[in-house]
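K.L.:
curious how this folds, go ahead:
(one chain, ligands or ions: 2)
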Amino acid sequence: MSTTDTAPRPATSAGTPIPGSPVVTVRDLVVSYGPTRALDGVDLTIDAGRVHGLIGMNGSGKSTLFKALMGLVKPTSGTVALFGEDPRQARRRGRVAYAPQDEDVDYAFPVSVREVVSMGRYGRLRSTRRLRPEDRTAVDEALERCELTDLAERQIGALSGGQRKRAFVARGLAQGAELLLLDEPFAGVDKRSEATITALLRGLAAEGRTILVSTHDLVAVPALCDELALINRRIVAQGTPDETLRPGPLGEAFGGFVPVEALRREVAA
Ligand SMILES: Nc1ncnc2c1ncn2[C@@H]1O[C@H](COP(=O)(O)OP(=O)(O)O)[C@@H](O)[C@H]1O
Ligand SMILES: [Mg+2]
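P.N.:
Ligands and ions are numbered 1, 2, ... in the order given. Okay, the predicted model is just below:
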């Protein structure tokens, strides 16, 4: 391993993405839970420096795809690469951060917002496991960026849904992650928090970070996403919101039920 492999990256700026090199490459991915085939031949390529939406109804495999990208579920077949390498390797290097959907997180765990964000630094610490001054600076900057400075000492369980999501984003920033995976960041989040998170993610993408956000809320999509992938156990369409938010692909993604109400609000927006 060369020294550049382990050299800490600055926490406040993303690594320089090589133009045209995909951050995420998924090929013919199949994931099964016993008899349930959650993903059935997913092909997905994600380029750097953009906000990508992963859109699909409940049970369409969004969370399973996130877990596969993190190396947390084992593919039945097919391949997943982050930055051209194994997801576990990308995780070890701190290049990817993951905010699970609310159902997968135990918010009763007694830990403060600052402690959650500090976890982003643990991968870099040597044997002492103590935060150094530069770690504390990175944590403070991440808290500030996510508008959590005033809430830093509060227990994570005492935050609103939107504030919790921002705490996970802050942890990823403290870590210096180049790829942020956010599973349903808008579920149970009020409109104001949604706008705050949207502005935050747009700013991070403008700096070169790559963001993948799952949602079933189409209304949030145009302000947030540069590109969408519609999923229904496989990717049924990928492209700009204009290219993909059409009755054909939406019908395929939502199993024949086109969310007309959401579409109408899209058009009106
Ligand atoms: N741990 C699990 N064990 C068994 N089945 C699961 C498990 N996790 C998800 N599934 C099933 O896999 C499918 C996809 O689920 P999921 O990836 O959670 O979809 P989404 O996040 O889009 O709602 C669903 O049919 C779900 O019931
Ligand atoms: Mg899910």
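
K.L.:
so where do the helices sit in the stretch 101-250 of the chain?
P.N.:
For the stretch 101-250 of the chain, helices defined by DSSP state H, counting those that start in this stretch occupy the ranges 113-122, 133-145, 161-175, 191-206, 221-224, 241-244, 247-253.

K.L.:
what about the closest residue to S160 other than its chain neighbours, how many neighbours?
P.N.:
What sits nearest to S160 in space, not counting adjacent residues and going by Cβ to Cβ, 6 or more residues apart in numbering, is S193, at 6.7 Å. C-beta here means a position set from N, CA and C on the backbone, and glycine is covered the same way. For S193, the count of nearby residues is 20 (other Cβ atoms under 10 Å).

K.L.:
can you give me the strands for this protein?
P.N.:
With DSSP state E as the criterion, the chain has strands at 24-33, 36-46, 51-55, 77-82, 96-99, 179-183, 210-215, 227-231, 235-239.

K.L.:
out of those, which gets nearest to G255?
P.N.:
strand 235-239 (10.4 Å; Cβ to Cβ).

K.L.:
just the angle between the closest one and strand 36-46, please?
P.N.:
If you take axes from the mean of the first three to the mean of the last three Cα atoms, to 10 degrees, strand 235-239 sits at 20 degrees to strand 36-46.

K.L.:
output strand 235-239 as CSV, restricted to C-alpha atoms.
P.N.:
Once non-C-alpha atoms are left out, strand 235-239 reads as follows in CSV (Å, rounded to 0.1, in the frame of the first residue of the first chain):
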residue,chain,number,x,y,z
ILE,A,235,-33.2,0.0,-12.5
VAL,A,236,-36.1,0.7,-14.8
ALA,A,237,-34.8,4.1,-15.9
GLN,A,238,-31.9,6.4,-15.3
GLY,A,239,-31.5,10.0,-16.4
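
K.L.:
give the buried residues for it.
P.N.:
Buried residues in strand 235-239, defined by neighbour count with 16 or more other Cβ atoms under 10 Å: 235-238.

K.L.:
wait, doesn't M57 sit right on L218?
P.N.:
No - using Cβ atoms under 8 Å, M57 is not in contact with L218; the gap is 11.0 Å.

K.L.:
burial measure for the residue of the chain found nearest ligand 2, as a count.
P.N.:
Across the chain, no residue is closer to ligand 2 than S63, which sits at 3.2 Å (Cβ to the ion). By the criterion of other Cβ under 10 Å, S63 has 20 neighbours.

K.L.:
could you do E141 as well?
P.N.:
17.

K.L.:
any idea of the pLDDT on the residue nearest the centre of the chain?
P.N.:
Compute the mean C-alpha point of the chain, and by Cα atoms, centre = their mean the closest residue is L181, 1.5 Å away. For L181, the pLDDT comes out at 98.

K.L.:
ok, what's across the strand from it?
P.N.:
Per DSSP bridges, the residues bridged to L181 are Y98, L212.

K.L.:
that one contacts L212, correct?
P.N.:
Yes - L181 is within contact range of L212, at 5.2 Å (criterion: Cβ under 8 Å).

K.L.:
shared neighbours, those two?
P.N.:
66, 69 (Cβ atoms under 8 Å, 6 or more residues apart in numbering).

K.L.:
now stretch 213-224: average pLDDT?
P.N.:
Confidence for stretch 213-224, expressed as mean pLDDT, is 87.

K.L.:
now do the contacts for V26.
P.N.:
42-45, 65, 68-69, 78-81.

K.L.:
which segments of the protein make up each domain?
P.N.:
Using automatic domain parsing, the domains assigned to the chain come out as 21-95+179-269, 104-177.

K.L.:
coming back round to it: tabulate the strands of the chain (CSV), appending distance to ligand 1.
P.N.:
CSV is the format used below for the strands of the chain (distance: least, Cβ to the nearest ligand atom, whole Å):
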stretch, distance to ligand 1
strand 24-33, 3
strand 36-46, 3
strand 51-55, 9
strand 77-82, 15
strand 96-99, 13
strand 179-183, 7
strand 210-215, 7
strand 227-231, 7
strand 235-239, 13
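
K.L.:
make TSV out of those strands and add distance to Q155.
P.N.:
Output for the strands of the chain, formatted as TSV (distance: least, Cβ to Cβ, whole Å):
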stretch	distance to Q155
strand 24-33	33
strand 36-46	33
strand 51-55	30
strand 77-82	32
strand 96-99	18
strand 179-183	22
strand 210-215	26
strand 227-231	34
strand 235-239	39
